[in-house]
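Novice: how would this look folded up:
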Amino acid sequence: MTTPPQRSAAEILAELDDLRAADAPTHGGRILAYVYDAGRSELDDLAAAAIARVQPVNALDPTVFESVAAMERELITFGRNIFHAAHAVGTVTSGGTESCILAVKAARDAAGLAPGTGSVVLPSTAHAAFTKAANLLGVRAIRLSVNPQTSVPTPESVAAAICDDTFLLVASAPNYPTGCIDPIEAFGRIAGERGIALHVDACLGGFALPWWGADTPAWDFRVAGVTSLSADLHKYGYTPKGASLLLHTDRDRHRAQYFSTTDWPGYPVVNPTLLGSRSAAGIASSWAITRFLGTDGFAELVAATRDASQSLIAAVDAIDGLRVVGSPTGPVFAVAADPTADVPVDPHRWAAAVAERGFTLQMQPAYTQPDGTDLPATTHLTVTPVTATVRTDLVDACRRAADAVRGQAAAKPPAALSDLAAAFADGTLAVADVLALPSEATEAALVAAGIDPHARGGPLDMAAIIAAVHTLPRPVTAKMLTEFLAAFTNP
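Specialist: Next up, the predicted model:
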């Protein structure tokens with residue numbers, strides 16, 4: 001194996017620029033998922049400068065690096081003010097997934113349950129980070145079916161799903177798939193009556209909803225029964241990845257989040273997060289941007305986002321053959337085929353056609369819920385302040401794309417994967433057989449389907465891939481996607 005020769009700094013950065021040229025555009029409003037562009041370059045510059053100043057800092061020990069504690073205290077205070085919790089305590093984490101895992105861990109430990117016990121009740125639209133938390137912590141995730149039209153659960157179904165060992169309810173503000181807010185006041189009443197914790201996952205909307213408008217339903221610590229809340233600074237807080245704020249209503253719940261030990265020969269280990277050594281970049285950039293914007297600056301950005309979101313929702317909902325799912329509140333929404341139209345428009349064909357016109361949307365598969373009802377296939381759109389600057393072109397692309405694909409059937413999985421689905425359907429192949437396959441065999445199946453993780457640089461037929469996710473057993477597609485990404489990021 002050969003190693004690359006030494007390069008000058010200029011050569012290395014030029015090479016990095018070449019690599020970045022293959023990426024989706026992170027600025028300018030052309031990609032409506034993954035990134036959150038305020039449209040203000042001074043925020044990027046400020047974040048970069050703040051990160052440079054703390055680059056060598058290790059947030060593992062804020063008693064040695066007191067700047068970390070000072071900045072974290074100010075971010076917690078900012079969260080207290082906008083989320084209406086005068087005495088909340090918390091931590092800045094590396095992102096929403098870590099916040100969600102820690103929220104589950106804290107609730108379990110505060111309830112006095114042993115590792116590997118207890119259950120969490122969460123709507124089927126709750127973020128997959130809670131499923132990851134359940135897997136890692138050995139707790140049972142009880143998925144709660146939602147109304148397919150509104151994408152939110154009923155209070156009665158929430159109450160019925162709680163078991164004797166349930167220690168936590170999870171509600172979203174809003175959920176990622178459709179942008180709808182769960183009935184959090186009802187969740188709060190039920191949590192209070194049953195004596196269990198309630199976590200509000202506002203990772204997506206936490207730094208937008210406080211300024212969204214008076215018509216926004218109650219969702220934060222103003223709701224009785226809410227015991228913890230997560231909100232991502234690296235989403236609508238406009239800071240670089242990764243930073244999230246996790247707050248608890250009381251000190252004991254917060255302390256249950258920690259891992260600490262003195263039972264080894266080294267230094268005392270006290271970790272508020274899953275990480276030991278951790279970068280101070282997320283804390284410093286978040287601190288700088290929240291101070292720079294203040295509540296007035298956030299309100300201004302949210303106003304632009306809300307205006308763009310509402311006009312875009314109206315425009316898409318008016319397209320014959322498409323419908324916006326439910327009643328979204330906040331900066332994201334989902335689009336499905338309108339079954340009442342004479343000629344419905346497949347949302348994934350539509351997303352692919354929109355991409356051909358310069359905008360990237362995110363396809364989401366149909367999903368069969370625990371009660372047997374189906375959530376339809378959708379396309380997700382994340383709206384940011386910069387969306388307002390491309391709104392006319394985006395709406396035009398959405399309309400022309402719908403006209404181009406109206407009447408086309410939904411995409412089908414690649415032929416090899418369709419054959420695989422047929423083998424599952426007729427019983428000649430079992431899920432366990434595929435899950436037992438070694439990595440090489442799984443990769444070979446992907447290559448045979450035309451999804452080669454080593455053929456980089458070419459466009460993926462996402463509509464066909466999402467169709468495969470819907471058609472094949474979910475554990476099988478999870479294994480295949482794991483193989484694809486693992487191979488894609490390895491030599």
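Novice: what does the domain assignment say about the protein?
Specialist: 47-290, 295-405, 415-488 (automatic domain parsing).
Novice: so which of those comes closest to residue 5?
Specialist: Nearest to residue 5, of all the domains of the chain, is domain 415-488, at 23.0 Å by Cβ to Cβ. Just so you know, the C-beta spots here come from the backbone N, C-alpha and C atoms, and that holds for glycine as well.
Novice: Wait, residue 369 touches residue 145, no?
Specialist: Yes: using Cβ atoms under 8 Å, residue 369 is in contact with residue 145, at 3.9 Å.
Novice: if we can go back for a sec, okay, the domains of the chain in a markdown table with mean pLDDT, mean neighbour count and distance to residue 12 next?
Specialist: Putting the domains of the chain into a markdown table (pLDDT from 0 to 100; neighbours: other Cβ atoms under 10 Å; distance: least, Cβ to Cβ, whole Å) gives the following:
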| stretch | mean pLDDT | mean neighbour count | distance to residue 12 |
| --- | --- | --- | --- |
| domain 47-290 | 96 | 20 | 17 |
| domain 295-405 | 97 | 20 | 29 |
| domain 415-488 | 89 | 16 | 21 |
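Novice: And those domains: which comes nearest residue 31?
Specialist: domain 295-405 (4.3 Å).
Novice: about what we covered before: identify the contacts common to residue 369 and residue 145.
Specialist: Common neighbours of residue 369 and residue 145, counting by Cβ atoms under 8 Å, 6 or more residues apart in numbering, are residue 124.
Novice: mind checking the SS state of residue 91?
Specialist: strand (DSSP: H, G, I helix; E, B strand; the rest coil).
Novice: picking that back up, next, format the domains of the chain as a markdown table and append distance to residue 25.
Specialist: Formatted as a markdown table, the domains of the chain follow (distance: least, Cβ to Cβ, whole Å):
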| stretch | distance to residue 25 |
| --- | --- |
| domain 47-290 | 16 |
| domain 295-405 | 8 |
| domain 415-488 | 15 |
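Novice: of the ones you listed, which approaches residue 33 most closely?
Specialist: Checked against Cβ to Cβ, the stretch from the domains of the chain lying closest is domain 295-405, at 3.9 Å.
Novice: In terms of secondary structure, what does the helix or strand where residue 44 lies contact?
Specialist: When elements are assigned from DSSP states H and E, residue 44 belongs to helix 41-54. Where contact means 3 or more Cβ pairs under 8 Å, 6 or more residues apart in numbering; DSSP states H and E, helix 41-54 is packed against helix 281-317.
Novice: Strand 89-93 and the helix it packs on, what's the angle between them?
Specialist: Computed by axes from the mean of the first three to the mean of the last three Cα atoms, to 10 degrees, the angle separating helix 281-317 from strand 89-93 equals 80 degrees.
Novice: After helix 281-317, which helix or strand is next? Please name it.
Specialist: Downstream of helix 281-317 (by DSSP H and E), the next one is strand 322-324.
Novice: what pairs with that next one, and is each one parallel or antiparallel?
Specialist: strand 332-337 (antiparallel) (DSSP bridges).
Novice: and the helix or strand just after the strand it pairs with, what other elements does it pack with?
Specialist: Proceeding N to C from strand 332-337, the next assigned helix or strand is helix 347-356, under DSSP H and E. Applying 3+ Cβ pairs under 8 Å, 6+ apart, we find helix 347-356 packed against strand 332-337, strand 362-364, strand 378-382, helix 391-405, helix 462-471.
Novice: Tabulate the ones you listed in a markdown table, adding columns for distance to residue 322.
Specialist: Shown next, in a markdown table, are those (distance: least, Cβ to Cβ, whole Å):
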| stretch | distance to residue 322 |
| --- | --- |
| strand 332-337 | 5 |
| strand 362-364 | 14 |
| strand 378-382 | 9 |
| helix 391-405 | 6 |
| helix 462-471 | 15 |
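Novice: Spit out the contact partners of residue 24.
Specialist: With Cβ under 8 Å, 6+ apart, residue 24 has these contacts: 30-31, 34, 360.
Novice: same question, residue 310
Specialist: Taking Cβ under 8 Å, 6+ apart as the definition, residue 310 has no contacts.
Novice: A strand includes residue 200, no?
Specialist: Yes: read with three-state DSSP, residue 200 is one of the residues of a strand.
Novice: contacting residues for it?
Specialist: 171-173, 184, 219-220, 223, 226, 228-230 are the contacts of residue 200 under Cβ under 8 Å, 6+ apart.
Novice: Let me have those residues in TSV, adding distance to residue 277 and secondary structure as columns.
Specialist: As requested, the contacts of residue 200 are exported to TSV (distance: Cβ to Cβ, whole Å; DSSP: H, G, I helix; E, B strand; the rest coil):
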residue	distance to residue 277	secondary structure
171	33	strand
172	31	strand
173	32	coil
184	36	helix
219	34	coil
220	32	coil
223	36	coil
226	32	coil
228	25	strand
229	27	strand
230	22	strand
